[in-house]
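In: the following comprises the amino acid sequence and a computationally predicted model.
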Amino acid sequence: MGEFELLALLRERLPDAGPQVRLGSGDDAAVTVPGGAVATSVDALVEGVHFRRETASLRQIGRKAMSAALSDLAAMGAAPGEAYVWLGAPEAMDEAELLELGEGLAAVATETGTTIAGGDLTRAPVLSLAVTVTGHAPNADDFVTRGGARPGDALVVSGELGGAAAGLLLLEDPSLAGDDALRARQLDPTPRFAAGQALAAAGATAMIDLSDGLAGDAAHIATASQALLVVDADALPLAPGVAALAAASGRDPLELAAAGGEDYELLAALPPAALGPAQKALAALGTPLTAIGRVEAAAGRPRAELRRRGGEAVPIRGFDQLRPRRPR
């Protein structure tokens with residue numbers, strides 16, 4: 001099967017176009033007619049860096065590529081819009097495998113109301129995907145950025161932490177015993193669109209998705225907001241099974257929760273008066289919202305600090321793409 005025949009089969013698996021799309025996949029370019037403001041983000045997954053074929057199915061790889069990209073939009077409080085996918089496929093991949101990968105991408109697009117409006121397919125030395133996504137809001141000011149946290153704001157996090165890092169441990173060491181739910185947190189994350197929009201509506205002043213670990217991502221908000229973020233390390237909500245797996249593997253559960261990354265939960269700053277309404281709104285979605293710290297004025301350089309309740313600093317930093325690390 002040639003490139004064009006394969007692309008035609010992939011297009012058959014795509015969800016219907018959304019209301020902003022006038023011309024979707026199949027022409028030289030997509031045509032969209034968005035109303036209001038548009039947020040755009042790009043995310044990439046590369047075999048041997050972000051995943052391994054031995055531990056993830058092609059459908060899971062496709063799902064994760066789409067979900068990881070869309071998570072950035074969720075952190076802006078955006079509504080989902082369009083996605084554009086570049087796929088680099090090694091020569092050994094056959095048509096059935098490429099279709100399985102495409103079905104994973106399309107499944108998440110369907111679940112989130114995202115239109116896959118175009119992309120490109122080429123050969124590559126290893127399996128690689130780059131997903132560009134757009135999200136929408138009535139006005140540009142409706143998007144929540146990293147730069148609005150104010151002294152006195154409460155820090156909150158959606159869901160539970162450490163599950164993805166624990167799942168990675170289980171995938172890398174089959175001798176460890178652990179729940180399949182932890183593996184799923186690593187292999188098949190969920191972009192928190194509804195939670196992001198609820199936090200934006202509640203008055204979030206800053207927000208970020210936890211892709212590189214809470215310690216690192218909190219530092220991004222601190223830098224953008226020119227503030228000090230104080231995180232109560234003892235208040236972090238651990239995913240079920242994380243503490244037990246950490247004990248079995250000789251790891252610190254706090255390290256998994258604060259530095260492991262890829263939980264794709266949302267970290268937000270909220271005015272204190274908005275905390276209760278935000279918790280109620282997320283509870284209605286089935287997602288807990290936990291207060292984990294506060295925003296203070298920065299005396300010196302902006303930064304994020306993890307502290308025990310006795311005041312002891314915890315020297316944990318988040319994931320850095322350019323720091324050497326074993327392949328996933």
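Out: Done, it's in.
In: make it CA atoms for all contacts and neighbour counts henceforth
Out: Will do.
In: any regions of this structure where pLDDT drops low?
Out: When the per-residue scores of the chain are filtered using pLDDT under 70, the ranges that remain are 1-14, 22-28, 30, 316-328.
In: again, 90 this time
Out: Applying pLDDT under 90 to the chain flags residues 1-35, 95, 118-119, 174, 177-179, 260, 299-300, 309-328.
In: the helices in it, which residues?
Out: Remark: helices of the chain, listed N- to C-terminal, are 3-12, 58-74, 95-112, 163-172, 180-187, 193-202, 214-225, 242-249, 253-259, 272-284; assignment by DSSP state H.
In: I'd like to know which of those is closest to residue 119.
Out: Taking Cα to Cα as the criterion, helix 3-12 is the member of the helices of the chain that comes nearest to residue 119, at 9.9 Å.
In: need the contact list for residue 55.
Out: By Cα atoms under 8 Å, 6 or more residues apart in numbering, the contact list for residue 55 reads residue 171.
In: now it: how far from residue 44?
Out: Between residue 55 and residue 44 the distance is 18 Å, computed by Cα to Cα, to the nearest Å.
In: and the helices of the chain, which is most packed in?
Out: Neighbour counts (mean count of other Cα atoms under 10 Å) averaged over each of those peak at helix 58-74, with a mean of 26.
In: now that helix and helix 180-187, what's the angle there?
Out: When axes from the mean of the first three to the mean of the last three Cα atoms, to 10 degrees is applied, the directions of helix 58-74 and helix 180-187 differ by 70 degrees.
In: extract the C-alpha trace of helix 58-74 and format it as CSV.
Out: Once non-C-alpha atoms are left out, helix 58-74 reads as follows in CSV (Å, rounded to 0.1, in the frame of the first residue of the first chain):
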residue,chain,number,x,y,z
LEU,A,58,0.8,1.3,19.1
ARG,A,59,-2.7,2.2,20.1
GLN,A,60,-1.4,3.4,23.5
ILE,A,61,1.4,5.4,21.8
GLY,A,62,-1.2,7.1,19.6
ARG,A,63,-3.5,7.9,22.5
LYS,A,64,-0.7,9.3,24.6
ALA,A,65,0.7,11.5,21.8
MET,A,66,-2.7,13.1,21.4
SER,A,67,-3.5,13.3,25.1
ALA,A,68,-0.1,14.9,26.0
ALA,A,69,-0.6,17.6,23.4
LEU,A,70,-4.2,18.3,24.4
SER,A,71,-3.2,18.6,28.1
ASP,A,72,-1.5,21.9,27.4
LEU,A,73,-4.8,23.3,26.1
ALA,A,74,-6.6,22.0,29.2
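In: good, we can wrap up now.
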